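>>> coords below, sequence missing:
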């Protein structure tokens, strides 16, 4: 069987590609960026699909940091919203993080039939793509979806990952995947600025998160996967030249 890569979106689609597929969950604005940032800093990270899961988990953990949003609002009792910028500036990394979001953490927690569930964002997109080659025959790069839309920032990140796999010999799963790769794989990171997610961050005075996301691209040389209910470094991972490179904006994707 030939190696294939598919691009899709929404938590509901996580189980639509059959057993044996490896899922790469992407929610650039902001859940997977927050999750990756937390683990890079050395913090335990527990993505949860709902408050009903978050509350009993918080009772079992030692002084957890509650991070997240539902419908754009920080839930009552949470320490901060789903903000990679705010998380990166905290020093209490010994506190385990419970992460909740409207779509992204539902996506991460959704696919019980997948062999592996990875979590990627613009920070580690290239490391994630290269990690898959030779390890998984069927790869699904799955955007979170927001209000039923496949937002541009996730299309871009998914297409960057898928293009790397296609160049390594994977076949696009369908015409939709081919179209998304053609549309986004050579687009600079500034292409995501047309997204409604960006408009939301600006209108709600959360531009620090937008700046953080735009200035931290391909700066993490690590891969992360779900093991049980916790996000951890992928088993057997060997990072190249350290875990984190100096951040900086990427103007164009290089082949």
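Good, I have the coordinates. Source: prediction; values computed, not measured.

>>> Okay, now the unreliable bits of the chain?
Scanning the chain for pLDDT under 70 picks out the ranges 1, 18, 111-113, 236-255.

>>> Please, where are all the helices along it?
Secondary structure of the chain (DSSP state H): helices located at 31-40, 51-60, 84-88, 104-109, 125-132, 152-167, 175-184, 196-203, 207-215.

>>> Of all the ones you listed, which one comes closest to residue 98?
helix 51-60 (5.3 Å; Cβ to Cβ). In this view, the C-beta of every residue, glycine as well, is placed from N, C-alpha and C.

>>> which other helices and strands contact that closest one?
The contact analysis (3 or more Cβ pairs under 8 Å, 6 or more residues apart in numbering; DSSP states H and E) places helix 51-60 against strand 45-48, strand 65-68, strand 97-100.

>>> okay, now residue 16: neighbour count?
13 (other Cβ atoms under 10 Å).

>>> That one is in contact with residue 6, isn't it?
No - if you go by Cβ atoms under 8 Å, residue 16 and residue 6 don't touch, sitting 9.6 Å apart.

>>> still on that earlier bit, among the helices of the chain, which is nearest residue 94?
Closest among these, using Cβ to Cβ: helix 31-40, at 12.2 Å.

>>> Give me the contact list for the closest one.
For helix 31-40, contacts defined as Cβ atoms under 8 Å, 6 or more residues apart in numbering pick out 25-27, 45, 47, 67, 82-84, 87-88, 97, 99, 101, 103-105, 107-108, 119-124, 144, 212-213, 216, 220, 222, 224, 231-233, 243-244.

>>> Could you pick out the buried ones from those residues?
For these, a burial check counting by 16 or more other Cβ atoms under 10 Å picks out 25-27, 45, 47, 67, 82-84, 87-88, 97, 99, 101, 103-105, 107-108, 119-124, 144, 212-213, 216, 220, 222, 224, 231, 243-244.

>>> which residues touch residue 50?
100, 106.

>>> what do you get for residue 24?
118-120, 128, 132, 139-142, 158, 161.

>>> quick one, what contacts residue 104?
Going by Cβ under 8 Å, 6+ apart, the list of residues near residue 104 reads 25, 27, 30-32, 35, 47, 82, 144.

>>> Kindly recompute the last result at 6 Å.
Residue 104 sits next to 27, 31-32, 144 when contact means Cβ atoms under 6 Å, 6 or more residues apart in numbering.

>>> and if you look at residue 88?
For residue 88, the contact set (Cβ under 6 Å, 6+ apart) comprises residue 37.

>>> number of nearby residues for residue 228?
Residues near residue 228, counting by other Cβ under 10 Å: 7.

>>> between the helices of the chain, which one is nearest to residue 72?
Taking Cβ to Cβ, helix 196-203 is the member of the helices of the chain nearest to residue 72, at 7.1 Å.
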